[in-house]
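Peer 1: Pasting the sequence and the predicted model now:
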Amino acid sequence: MKKSAIAVIIPSYEPSEKLPTLVAALRRQISNPIVIVNDGSKPEKYQCYFDQLESTPDVVILRHKRNRGKGRALKTAFAYCLLKEFSGAVTADEDGQHLPEDICRCVAALEENPDSLILGVRSFQEKGVPVRSKLGNLLTCRVFKILTGQTLSDTQTGLRGLPAFFIEKIQKVSGERFEYETKMLLIASSLNIPFKEVEISTIYEKDNTTHFRPFKDSWLIYITLFGESLLQLFYFFSSGIMSFLIDISVFTLFYKLIFRKMDLEYFNMSLRLLLSIVLARCVSATVNYTLNRNFVFKNKGLVDAKSLLKFFGLASFMVLLSYILTETMLALFNSEKAVLTKICVDSSLVCVTFLIQKFFVFKPSGKSGKV
């Protein structure tokens, strides 16, 4: 079989005989390099399993002196893959949940889709799947959908195919344990990398041991999910505040100074208010689009007409809404404090604007699909 530049990565901590069995089965089916990371397993009890693999062709064993977590083990393997200039890597678990043929199928899928993130997805509708696993995957999939707008069948799978360019992006990202795999998905979504799903066997054996800590690791995963969105919201607010200050400054300049000095018969207060809002929003919207596209939602690159039209369509709608609400509030309270009223109105529209921009204007273009 022709040798591929895609490596198979297997993080390993306190393995069983399933590890050498898996490697032997893989070696019979593919000639790809296999990178195993011994994540601080106790040598007196577990070294024998790694010794069995020393003489296996194209198998490299990397070692941690102490247990550092799955995320760190993956990053150690990723650094090796980048050093060897592999075109990509497929990550797999050692505990028997991933069959050799499923791993090989993910290797083939990555070869056929070198610009995508491959996910080996399980069916949680089959008999024998623990209720905790069903609920956990359902919840993380729903949260991921809400936060990114993308639908995935299995967000917790450890069987993944990653192209080299994506490995470079995530190799130094923070995360030492299982939350690192969650960050992979969030980063792929933010970079508009397509997800390709490969259906694999669903295996849950009663005697399987897991190093997943239900409370601590679940907490880290959900903190990662919500933390990324809260950080994005913070950047959005920062961008909004900057644009808001520009908007108010330009509005004040026109409303209080320039237009006020125009002694024209038809230039009444309502027209002066409308023109001031429109001109201010044109300036601030241009700044806001640039900041949000490149730094908040990270859709970097050439400006695309689609998002530009959506953004300024939204901005136009918000101008009209801001005008109507400001005019209504001024009339309702018989007030002439237009600047203060506009500040209150625009502040109330911030969260609505964020959601529309996130899920409509700058929605990730990367799609998920079956292979």
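Peer 2: Sure, I can see it. Residues are numbered from 1 along each chain as shown.

Peer 1: Flag every buried residue along the helix or strand hosting Ile324.
Peer 2: Using DSSP states H and E, Ile324 maps to helix 305-332. Neighbour counts over helix 305-332 (16 or more other C-beta atoms under 10 Å) mark 307, 310-312, 314-315, 318-319, 322-323, 325-327, 329-330 as buried. Every C-beta, even on glycine, is put in place using the N, C-alpha and C of the backbone.

Peer 1: One more: stretch 125-140?
Peer 2: For stretch 125-140, by 16+ other C-beta under 10 Å, it's Val129, Gly136, Asn137, Thr140.

Peer 1: can you check stretch 225-237 too?
Peer 2: Quick answer for stretch 225-237 (16+ other C-beta under 10 Å): Leu225, Glu228, Ser229, Gln232, Leu233, Tyr235, Phe236.

Peer 1: Equivalent analysis for stretch 98-111, please.
Peer 2: Buried residues in stretch 98-111 (16+ other C-beta under 10 Å): His98, Leu99, Pro100, Asp102, Ile103, Cys104, Arg105, Cys106, Val107, Ala108, Ala109, Leu110.

Peer 1: Going by distance to Glu17, which of these wins?
Peer 2: The nearest member of the buried residues of stretch 98-111 to Glu17, counting by C-beta to C-beta, is Pro100 at 14.9 Å.

Peer 1: I'd like the distance between the closest one and Leu271.
Peer 2: 74 Å (C-beta to C-beta, to the nearest Å).

Peer 1: Same question for Val283.
Peer 2: 19 Å.

Peer 1: Those two: which is more packed in?
Peer 2: Legend: neighbour count by other C-beta atoms under 10 Å for Val283 and Leu271, higher for Val283 (16 against 12).

Peer 1: Apart from its neighbours in sequence, what residue is nearest that one?
Peer 2: Val250 (5.0 Å; C-beta to C-beta, 6 or more residues apart in numbering).

Peer 1: in terms of contact, does that neighbour touch Ala280 like I think?
Peer 2: Yes. Between Val250 and Ala280 there is a contact under C-beta atoms under 8 Å: 4.0 Å.

Peer 1: quick one: which of those two has more around it?
Peer 2: Taking other C-beta under 10 Å, Val250 and Ala280 do not tie; Ala280 has more neighbours (23 against 18).

Peer 1: angle of the longest helix anywhere in the chain against helix 305-332?
Peer 2: Longest helix in the chain, counting residues (DSSP state H): helix 214-252. Orientation check (axes from the mean of the first three to the mean of the last three C-alpha atoms, to 10 degrees): helix 214-252 against helix 305-332 gives 70 degrees.

Peer 1: mind listing what's buried in stretch 110-127?
Peer 2: Applying 16+ other C-beta under 10 Å to stretch 110-127 flags Leu110, Asn113, Ser116, Leu117, Ile118, Leu119, Gly120, Val121, Arg122, Phe124 as buried.

Peer 1: Quickly find the element holding the fifth one.
Peer 2: Put plainly, it is Ile118. Going by DSSP H and E, Ile118 is in strand 117-121.

Peer 1: which residues touch that strand?
Peer 2: Applying C-beta atoms under 8 Å, 6 or more residues apart in numbering, the contact partners of strand 117-121 are 90, 98, 102-103, 105-106, 109-110, 152-154, 157, 159-163, 166, 184-185, 188, 193-200, 371.

Peer 1: mind listing which of the residues you listed are in strands?
Peer 2: Among the contacts of strand 117-121, DSSP state E puts Val90, Arg160, Gly161, Leu162, Pro163, Phe195, Lys196, Glu197, Val198, Glu199 in strands.

Peer 1: if I pick the most centrally placed residue in the chain, what's in contact with it?
Peer 2: In the chain, the residue lying closest to the centroid (C-alpha atoms, centre = their mean) is Leu186, at 1.2 Å. Residues counted as contacts of Leu186 (C-beta under 8 Å, 6+ apart) are Leu147, Thr148, Thr224, Leu225, Glu228.
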